[in-house]
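1. below is the structure, and that's it, no one-letter string:
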């Protein structure tokens with residue numbers, strides 16, 4: 001788990017390091033670290049043609065330090081100013097982008113890059129906002145970005161990933177305090193899910209799922225399989241108004257839940273289940289949504305994952321209300337952008353992290369905001385960034401599997417914030433085990449089980 005810090009936090013970290021070690025030493029470390037990345041990209045320095053774009057600030061100082069190291073290694077290095085570079089078309093072995101750092105604001109038109117020229121950005125690609133990841137139209141597109149001290153939010157959200165290329169963290173000796181935002185890594189899966197005790201039985205990690213609608217049970221099946229493959233020892237599956245016979249899943253127990261008795265019947269099931277998942281494929285039928293809403297707000301002692309049509313059931317928050325889930329502090333909501341807009345009253349802004357935090361605070365719940373980088377925010381302001389997935393997840397049904405995975409992790413005893421973050425990381429990481437572009441949602445449960453076996 002690596003800290004992700006704001007621009008202001010990074011300034012404080014830099015200031016402490018400068019007071020302790022001096023500015024020149026800090027610049028030398030950054031320049032040397034950048035040069036080592038450049039050498040790796042080029043396979044050596046001797047005879048290589050390198051253009052270094054150096055701005056007037058400390059990012060430019062880092063770039064000039066990098067140039068000195070590369071020149072000493074035998075490279076042909078030209079250092080140009082930002083003003084000179086803007087009008088240039090560059091064809092070389094490498095361009096080192098040190099035009100602007102994390103303090104960038106406004107617009108920047110990067111030099112035109114010709115041929116097979118590679119680009120190494122220092123700290124963050126010039127023209128990309130370090131907090132929001134929003135890029136100006138002419139921003140640098142790097143093959144590799146070496147970022148110093150700690151990760152910055154803009155590397156991972158909005159335009160940031162497409163402009164950053166491979167991201168390499170070089171701590172350059174900085175002491176980074178633990179902060180409220182974190183990037184999960186593979187090592188965080190090791191021992192993340194509690195093992196089963198020797199005397200475990202099927203009810204220890206039982207999950208109840210309210211999902212599906214008459215003749216439309218695909219989402220429910222995917223959710224149930226996700227839960228089972230992620231360690232649920234028993235899955236009970238039903239929904240208001242759906243016949244038990246509509247579900248055809250051997251490994252789950254099908255239930256018939258009535259509209260009128262939904263609250264009582266669900267309470268009876270939850271007496272033995274450790275987590276509740278609500279939403280995949282329920283439909284937008286008003287009677288179903290009313291019964292579902294009654295169930296959600298009647299549950300107090302069991303953690304809940306609310307997804308898909310379950311989010312429509314809970315409605316839109318009001319700025320004047322207290323936390324929607326003050327009666328149950330163990331709720332996770334998993335919106336994509338459209339569902340977020342229905343909950344929050346508007347679509348996510350460029351400040352996706354801040355928006356997820358605001359929704360979490362106003363709901364009194366954990367918010368898992370889906371996207372190329374998934375943001376998991378807790379009601380107290382904690383944030384996890386998850387970038388383990390791939391574009392193969394952009395297919396129908398993968399979110400249903402994710403809900404099942406998170407429900408199973410809740411049933412294992414993980415706290416909601418951790419269950420949501422670990423579940424999203426597992427889900428994304430599992431997609432990378434699939435070779436090719438034809439991943440479908442039903443492939444994921446087995447891949448998730450494989451990932452859990454490796455952790």
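-> The structure has been received and is ready for your questions. Keep in mind the model is a prediction, meaning the values are calculated, not measured.

2. from here on, contacts and neighbour counts on C-alpha atoms
-> OK.

3. residue contacts, residue 256?
-> Residue 256 is in contact with 238, 239, 240, 241, 242, 243, 244, counting by Cα atoms under 8 Å, 6 or more residues apart in numbering.

4. same deal with residue 437?
-> Residue 437 neighbours (Cα under 8 Å, 6+ apart): residue 392.

5. what ranges do the strands span in the stretch 151-300 of the chain?
-> 166-170, 181-183, 206-210, 234-238, 253-254, 275-278 (DSSP state E, counting those that start in this stretch).

6. between those, which one is closest to residue 153.
-> Among the strands of the stretch 151-300 of the chain, strand 181-183 comes nearest to residue 153, with 8.9 Å by Cα to Cα.

7. one step back: need the buried ones from the contacts of residue 256 selected in PyMOL.
-> Of these, the buried ones can be selected in PyMOL as follows, counting by 16 or more other Cα atoms under 10 Å:
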select buried, resi 238+239+240+241+242+243+244
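
8. possible to save the contacts of residue 256 as a markdown table with pLDDT and distance to residue 289?
-> Shown next, in a markdown table, are the contacts of residue 256 (pLDDT from 0 to 100; distance: Cα to Cα, whole Å):
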| residue | pLDDT | distance to residue 289 |
| --- | --- | --- |
| 238 | 93 | 14 |
| 239 | 93 | 11 |
| 240 | 92 | 9 |
| 241 | 89 | 11 |
| 242 | 89 | 13 |
| 243 | 88 | 17 |
| 244 | 87 | 19 |
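
9. and the contacts of residue 256, which two are furthest apart?
-> Farthest apart among the contacts of residue 256 - using Cα to Cα - are 240 and 244, which lie 10.4 Å from each other.

10. how much space between the residue nearest to residue 180 when sequence neighbours are not counted and residue 67?
-> Closest residue in space to residue 180, ignoring its immediate chain neighbours: residue 382 at 5.0 Å, by Cα to Cα, 6 or more residues apart in numbering. Distance of residue 382 to residue 67, computed by Cα to Cα, to the nearest Å: 39 Å.

11. which of these two has more neighbours?
-> residue 67 (27 against 16; other Cα atoms under 10 Å).

12. give me the contacts around the host helix or strand of that one.
-> Here residue 67 sits within helix 58-72, counting by DSSP states H and E. Outside helix 58-72, the residues that touch it by Cα under 8 Å, 6+ apart are 27-28, 30-35, 45, 52-55, 77, 79, 96-101, 122-123.

13. what of stretch 190-204?
-> 233, 234, 272, 273, 274, 409, 411, 412, 413, 414, 422, 455.

14. buried only: go through these for me.
-> Among the contacts of stretch 190-204, those classed as buried by 16+ other Cα under 10 Å are 233, 234, 273, 274, 409, 411, 412, 413, 414, 422.

15. what sits up against stretch 365-375?
-> Residues contacting stretch 365-375 (Cα under 8 Å, 6+ apart): 156-157, 325, 329-337, 340, 352-353, 356-357, 359-360, 376-379, 383-391, 416-417, 420, 424.

16. since that was my last question, I'll sign off now.
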